[in-house]
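Peer 1: Just the structure for this:
(one chain, ligands or ions: 1)
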Amino acid sequence: MTSKNIVVTIDGPAGAGKSSVARDVARRLGLSYLDTGALYRALAYTLDKRGIPPEEGEPLSSSLRSLSVALVSGKVLVDGVDVTDLIRNPLVDSLASRYSALPSVRARLLDIQREQALGGGLVADGRDMGTVVFPLAPLKVFLTASEEIRAERRLNELLSKGQADVSFSSVLEDIKARDRSDRERPCSPLREAPDSVKIDSSSMTVVQVVERIVSLAEGARSDE
Ligand code: DC
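Peer 2: A predicted model of the protein is given here:
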């Protein structure tokens, strides 16, 4: 890995702004962006569609063995089908949270995520990027914000996509439930890596968070 090709990990709870920030940081640093939530969402969406329940067992194992999951030019393909536009809604939020707690689902996606770093550096966002997937990353960020701020951002995002049947209280409940499930699952729970830099974005703009991470990354690059 050259000093240019560093891996930057950004973990944190739902709605902390990880994907907007990670995408911009990647662009600024000339690295690719790995949206691991999209992989979990795509897999959960497909398994649910095929009637595979979110529990360990033969139906899940054999589906995971036969399914192909690929990231191609920012699109997520499952068995060659582009599901990118079908996985950003409250139903898939909750499906992804349930399926992603299963060890066999996490194991299936581990190599796919690591392979993305073979072609060069990247900025990866998720829940276990710094703790499990890229434990040697030279820069790990834990991005968070208060529950209320995260719910407000998520609500605005859903409204801007034309989703009218959502309220602040339902989004807040959903955020709390996903936090609980992501933090309390035994396999790869959401945790702050001990060597991560914590950024609370509650009163920061996306641009401010991006500036901070870019400057940390420039520092990490010159130390490599
Ligand atoms: O980041 P997101 O909201 O798109 O993630 C969707 C779900 O996938 C979330 O509930 C947790 C799970 N996830 C995970 O467990 N590990 C990751 N690296 C990324 C997402």
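Peer 1: got the buried residues for stretch 143-152?
Peer 2: By 16 or more other CB atoms under 10 Å, the buried positions in stretch 143-152 come out as 143-145, 147, 149-152. Every residue, glycine included, has its C-beta placed from N, CA and C.
Peer 1: Give me the contacts around that stretch.
Peer 2: Stretch 143-152 has contacts (CB atoms under 8 Å, 6 or more residues apart in numbering) with 10-18, 21, 153, 168, 171-172, 174-176, 179, 198-202, 209.
Peer 1: Over to stretch 211-224?
Peer 2: Identification of contacts with stretch 211-224 by CB under 8 Å, 6+ apart yields 1, 3-4, 6, 8, 10, 21, 25, 28-29, 138-139, 141, 197, 199, 204.
Peer 1: Likewise for stretch 22-32?
Peer 2: For stretch 22-32, contacts defined as CB under 8 Å, 6+ apart pick out 4-6, 8, 10, 33, 35, 116, 119-125, 206, 210, 213-214, 217.
Peer 1: Is any residue of that stretch near the ligand?
Peer 2: No: using CB under 6 Å from any ligand atom, stretch 22-32 never reaches the ligand; the gap is at least 9.9 Å.
Peer 1: That stretch: which residues count as buried?
Peer 2: Buried positions in stretch 22-32, judged by neighbour count with 16+ other CB under 10 Å: 22-26, 29, 31-32.
Peer 1: among those residues, which are in strands?
Peer 2: Using DSSP state E, residue 32 are the members of the buried residues of stretch 22-32 that sit in strands.
Peer 1: As TSV, the buried residues of stretch 22-32 with pLDDT would be great.
Peer 2: Formatted as TSV, these follow (pLDDT from 0 to 100):
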residue	pLDDT
22	98
23	97
24	98
25	98
26	97
29	96
31	95
32	94
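Peer 1: need the contact list for residue 10.
Peer 2: With the criterion set at CB under 8 Å, 6+ apart, residue 10 makes contact with 18, 21-22, 25, 123-126, 129, 141, 143, 213.
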